[in-house]
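[1] Give me a 3D structure for the following:
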Amino acid sequence: MTKYVGSIDQGTTSTRFIIFDRRGEIISVDQKEHEQIYPKPGWVEHDPAEIWRNTQSVIAGALKKKGLTTANLVSVGITNQRETAVLWNRKTGAAVHNAVVWMDTRTDQLVAKFAKEGGQDRLRAKTGLPLATYFSGLKLRWLLDNVPGAQKAAEAGDLLFGNLDTWLVWNLTGGTQGGLHLTDVTNASRTQLMNLETLDWETDILNLFDIPRACLPQIRSSSEVYGKCTGVLADVPVAGILGDQQAALFGQACLQPGEAKNTYGTGCFMLMNTGEKPFHSTAGLVTTLGYKLGDNKPVYALEGSIAIAGALVQWLRDNLNLVKTAPEIESLANTVKDNGDVYFVPAFSGLYAPHWKESARGVIAGLTRFANKGHIARAALEATAYQTREVLDAMTKDSGVQIKELRTDGGMVVNELLMQFQSDILNVPVVRPKVIETTALGSAYAAGLATGYWNSTKDISDNWGVDKRWHPMMKEEQRSKLFSAWNKAVTRSLDWAV
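    A predicted model of the protein is given here:
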């Protein structure tokens, strides 16, 4: 019987189950979108029950497509949208509130409160993170404040907290019938509650935020056998967990210090492997766990997080009906030879790295009667490339490392116009791998390494291969002019919300 490894890829807009072979190639995949819930401006929610139903559905769907059963799976890994907070009842298995999504800004007053008392960077030394609406610890604080009786129930251990990885593991391993309540170091590092050095919940921060330790999951490595699944994956070991961006770093074989990748998804996330010691940023990046394999030392990373990338294309499609499908954006952008001096700063939920400005809001700058929908489409694509340039500049400043190439992955890398412009504005080659689903692949590798399907990380490096490489073609004068205008547009977006 041929054996494979499965990966649950629980993303911001959809959930997928992908089955990989030893070469890291996709055997089968099934996918389902879930509802995006917007109760108020700046608020974004998901229904955890819908996500769990979809997860079971795509697992069954991917197996059925190729006539496989759970007996074909050596193990399964999980990768997930990070910082999205779920709080649920241990006894009933029901979430007490919709999941509060990573890009949600409802905790802005809590951020302001704690920043006022000690500055935005008061927790950076221990957590690697600035105070921001992005991270899930303050989302938990909001849930405990706003769900009647939640604080008391959490203190009693009757309510359980986690990012989406924790929610899925608990349900996969039995739920109310003995489900495992755990997370891995990469997801724990995104709560702003974990100490980067000890890899444990930091008592001083729990006390500061008044977070009951009883509701928090156990922190484990990214690659080990946690337990066996029940239900749709009965008896398959769940053996790998990586937050989505760390999973992409791992799946891209960025295993040596200085190697970097950029994932173009709903948001855009660049990570650089910095080795076995946390590297604290002074240029607006965050320090995070890269991965931890079993008992090995943890590997750290610098990260630049961009809130809106592919989500801007979705917005143009769904809110403005500028295109009918997301891929049409490239054709529309190609109807014009340049951006017509139009710049789109998509600060829909503030600006993340390297600015960390909660009060920024989206702007389209440089409009004249000459501008048309082609220019807006092009400006939307270019916005992702400019934001990536900002992050790369910060990464170079922090690390002193000049990146030789940028490895890319995620849904937007099929957009050739964007990839060429990205190379032009960075002035380095941009590389697309043969397997662009590196997020799912990374968690599959973590699970497969823990169960002997792959022998070592050398297998990961050997599997990685180039599909296409773009080289910069833009003159420096033009590059500087465009990026200067982008920076001017960014200043127009600042301090809009008060």
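[2] contacts and neighbour counts: CA atoms only from here.
    OK.
[3] now the helix or strand where Ile329 lies: how far from the chain's centre is it?
    Using DSSP states H and E, Ile329 maps to helix 328-333. Distance of helix 328-333 from its chain centroid, counting by C-alpha atoms, centre = their mean, to the nearest Å, is 25 Å.
[4] Who are the packing partners of it?
    helix 373-399 (3 or more C-alpha pairs under 8 Å, 6 or more residues apart in numbering; DSSP states H and E).
[5] What mean pLDDT does the helix holding Ile329 get?
    For helix 328-333, mean pLDDT rounds to 95.
[6] all strands for the stretch 351-498 of the chain, in order.
    363-365, 406-409, 430-433, 466-470 (DSSP state E, counting those that start in this stretch).
[7] Same question for the stretch 51-200 of the chain.
    Counting by DSSP E, counting those that start in this stretch, the strands of the stretch 51-200 of the chain are 73-80, 86-89, 99-100, 159-162, 182-184.
[8] Could you say which of those strands is packed most deeply?
    strand 73-80 (a mean of 28; mean count of other C-alpha atoms under 10 Å).
[9] coming back round to it: which residues make contact with the helix holding Ile329 from outside it?
    313, 323, 373-378, 415-417 (C-alpha atoms under 8 Å, 6 or more residues apart in numbering).
[10] From those, pick the one nearest Pro237.
    Asn415 (36.6 Å; C-alpha to C-alpha).
[11] residues in contact with that closest one?
    Contacts of Asn415 by C-alpha under 8 Å, 6+ apart are 327, 330.
[12] And Trp201, by the same measure?
    193-195.
[13] circling back: Ala214 is nearest to which of the strands of the stretch 351-498 of the chain?
    Closest among those, using C-alpha to C-alpha: strand 406-409, at 37.5 Å.
[14] what's that closest one in contact with?
    So strand 406-409 is contacted by 248, 252, 260-264, 428-433, 436-438 (C-alpha under 8 Å, 6+ apart).
[15] Separate out the buried members of those residues.
    248, 252, 260-264, 428-433, 436-438 (16 or more other C-alpha atoms under 10 Å).
[16] Could you list the buried residues of stretch 16-27?
    Neighbour-count burial for stretch 16-27 [16+ other C-alpha under 10 Å]: 16-22, 24, 26-27.
[17] Repeat that for stretch 311-322.
    311-314, 316-317, 322.
[18] Redo the residues you listed as JSON lines? Include pLDDT and secondary structure.
    Converted to JSON lines, the buried residues of stretch 311-322 look like this (pLDDT from 0 to 100; DSSP: H, G, I helix; E, B strand; the rest coil):
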{"residue": "Ala311", "pLDDT": "90", "secondary structure": "helix"}
{"residue": "Leu312", "pLDDT": "94", "secondary structure": "helix"}
{"residue": "Val313", "pLDDT": "94", "secondary structure": "helix"}
{"residue": "Gln314", "pLDDT": "92", "secondary structure": "helix"}
{"residue": "Leu316", "pLDDT": "94", "secondary structure": "helix"}
{"residue": "Arg317", "pLDDT": "95", "secondary structure": "helix"}
{"residue": "Leu322", "pLDDT": "92", "secondary structure": "coil"}
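[19] I'd like to know how far the closest residue to Thr69 other than its chain neighbours sits from Leu406.
    Excluding the flanking residues, the one nearest Thr69 by C-alpha to C-alpha, 6 or more residues apart in numbering is Leu63, at 6.0 Å. For Leu63, the distance to Leu406 (C-alpha to C-alpha, to the nearest Å) stands at 34 Å.
[20] re the thing from before, list the buried ones in the helix holding Ile329?
    329-330, 332-333.
[21] pLDDT check: weakest of the buried ones among the contacts of strand 406-409?
    Ile436 (81).
[22] Who are the contact partners of that residue?
    408-411, 413.
[23] secondary structure class for the closest residue in space to His355 that isn't next to it in sequence?
    Nearest-residue entry for His355: Gly284, 6.4 Å, with adjacent residues in sequence omitted and distances by C-alpha to C-alpha, 6+ apart. Secondary structure assignment for Gly284 (DSSP: H, G, I helix; E, B strand; the rest coil): coil.
[24] can you count the residues close to Gly284?
    22 (other C-alpha atoms under 10 Å).
[25] picking that back up, thought the residue nearest to Thr69 was touching Ser28?
    Yes - here Leu63 reaches Ser28: they are 7.3 Å apart, a contact under C-alpha atoms under 8 Å.
[26] More neighbours: these two, which one.
    Leu63 (22 against 19).
[27] residue contacts, that one?
    Here Leu63 is in contact with 28, 69-70 (criterion: C-alpha under 8 Å, 6+ apart).
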